[in-house]
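> Sequence and predicted structure are below.
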Amino acid sequence: MPRTLSPELIIAGKEELCDLSYKFRPTLYASDQKSPIVSYGYSDSEQKVFRFPPNTKGYFYFHRSPDLPELLWGVRFRICDGPEDFERGHDLLSRSGTPWGYTVIALVYDSFRRPFLELAEAEHFIEEDLVRDIKKLGLDDARRMASFLYSLADPFILNLAKPKVIVTIITRKRVATVRFLTTRFAERRKSKDGKMQKPIYPLIGSIKVQLELSTLPEHKSLGPTLVFRILEVIEPVTVNPDYTVDPSYTESTVALPEPGTLMYRLYKGERRIVKIPIRRQKMGADILKLANEAWPTAVL
């Protein structure tokens, strides 16, 4: 268990080098302290666990930045050869390419990481009122395991072959979930016994997208409506070889994504922008408040 999470004290030589290379869910034992368990996955919310990569030597430290929401502060692991190399080192990355570690939310709710929270509080990296605000959010198990956004306008990765788009936005004041079923893009087939099989999605791959408020006239009657702006292709997008076009359609139901454009589907050859009317969402009232925070000049 680290004695300190302070970069300044680490640089001053007050902490021992830690080697996590090839370890699987190691426990950071210490005779006089509680011992957290750490694991390596795609993110601090990913359930699937892998061994730590080779050459994972360095120091646990508390990362905070004025450019990040307080909820994104947390414990990270700086890879370096010693205290003199700390500032020249780099943070361990998760399998998704984002900095590995545990956000303040994970520290508050996960008993396995609680010793990190206690040390961060003792060193005044985390204030009591922040912990209190997080506890008031009352996150259930499902939400704790979600990949959070911290503003409705934050970009996120969209897997085109998943049946649901579930985006959880969290701030110190509220938490809300935007849900969108992608089954409308899928083709459902019947087996020989007449039972419906799992839906087949026309596209395989993933894209980075960003929600924005629609300004399209066809959405005006729906009230405030969210649409998907395609930012970039993350994993190459191809047509699923198991997908066949409904013969009554003149084209596929989903077009290949084009960065810079709004996401749309094709219905009988007609382009239809993918939309999420906010007031039809289960948490519509909270989503509207988040929309006001993300786009304060918009008229909702």
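Received it, and whenever you're ready, just let me know what you need.

> Now find how far off-centre the strand or helix carrying Tyr102 is within its chain.
Per DSSP states H and E, Tyr102 falls inside strand 101-103. Relative to its parent chain, strand 101-103 has a centroid offset of 12 Å by CA atoms, centre = their mean, to the nearest Å.

> Repeat that for stretch 279-286.
Centre-to-centre, stretch 279-286 and its host chain are 21 Å apart (CA atoms, centre = their mean).

> and it, how far apart are its ends?
10 Å (CA to CA, to the nearest Å).

> And it, what's buried?
281, 283-284, 286 (16 or more other CB atoms under 10 Å). All C-beta spots, glycine's among them, are computed from the backbone N, C-alpha and C.

> I'd like to know how far Phe228 sits from Pro277.
For Phe228, the distance to Pro277 equals 14 Å [CB to CB, to the nearest Å].

> the more surrounded of these two?
Of the pair Phe228 and Pro277, Phe228 is the one with more neighbours under other CB atoms under 10 Å, namely 23 against 15.

> Is the more buried one in a helix, a strand, or coil?
Classification of Phe228 by DSSP: H, G, I helix; E, B strand; the rest coil places it in strand.

> is it true that Leu213 touches Ala298?
Yes - using CB atoms under 8 Å, Leu213 is in contact with Ala298, at 5.5 Å.

> Now do the strands in this protein.
18-19, 57-63, 74-79, 90-91, 101-103, 148-149, 156-159, 164-170, 175-181, 203-213, 225-239, 264-267, 270-273, 275-277 (DSSP state E).

> By mean pLDDT, show me the worst of those strands.
For the strands of the chain, the weakest mean pLDDT is recorded on strand 264-267, namely a mean of 76.

> Which residues belonging to that strand are considered buried?
Quick answer for strand 264-267 (16+ other CB under 10 Å): 264-266.

> who does that strand touch, helix- and strand-wise?
Judged by 3 or more CB pairs under 8 Å, 6 or more residues apart in numbering; DSSP states H and E, strand 264-267 is in contact with strand 270-273.

> quick one: strands adjacent to the strand it packs on?
strand 264-267 (antiparallel) (DSSP bridges).

> Not including adjacent chain positions, what is the nearest residue to Ser65?
Trp73 (7.5 Å; CB to CB, 6 or more residues apart in numbering).

> What is the burial count for the one you found?
Count around Trp73 with other CB under 10 Å applied: 21.

> List the contacts of Glu290.
Not Glu; residue 290 is Leu. Contacts here follow CB atoms under 8 Å, 6 or more residues apart in numbering; on that basis Leu290 touches 151-152, 169, 171, 174, 176.

> ok, back up a step: what's the separation between the residue nearest to Ser65 and Arg64?
When distance is defined by CB to CB, Trp73 is 4 Å away from Arg64.

> Find the residues that touch each one of the two.
With CB under 8 Å, 6+ apart, Trp73 and Arg64 have common neighbours Phe125.

> Verify the stated contact: Ala255 with Leu266.
Yes - counting by CB under 8 Å, Leu266 is a contact partner of Ala255 at 5.7 Å.

> mind checking how far the residue nearest to Leu72 when sequence neighbours are not counted is from Asp154?
Of all residues not flanking Leu72 in the chain, Thr103 sits nearest, at 5.9 Å (CB to CB, 6+ apart). To Asp154, Thr103 is 14 Å away according to CB to CB.

> Same check on Cys80?
Counting by CB to CB, the gap from Cys80 to Asp154 is 30 Å.
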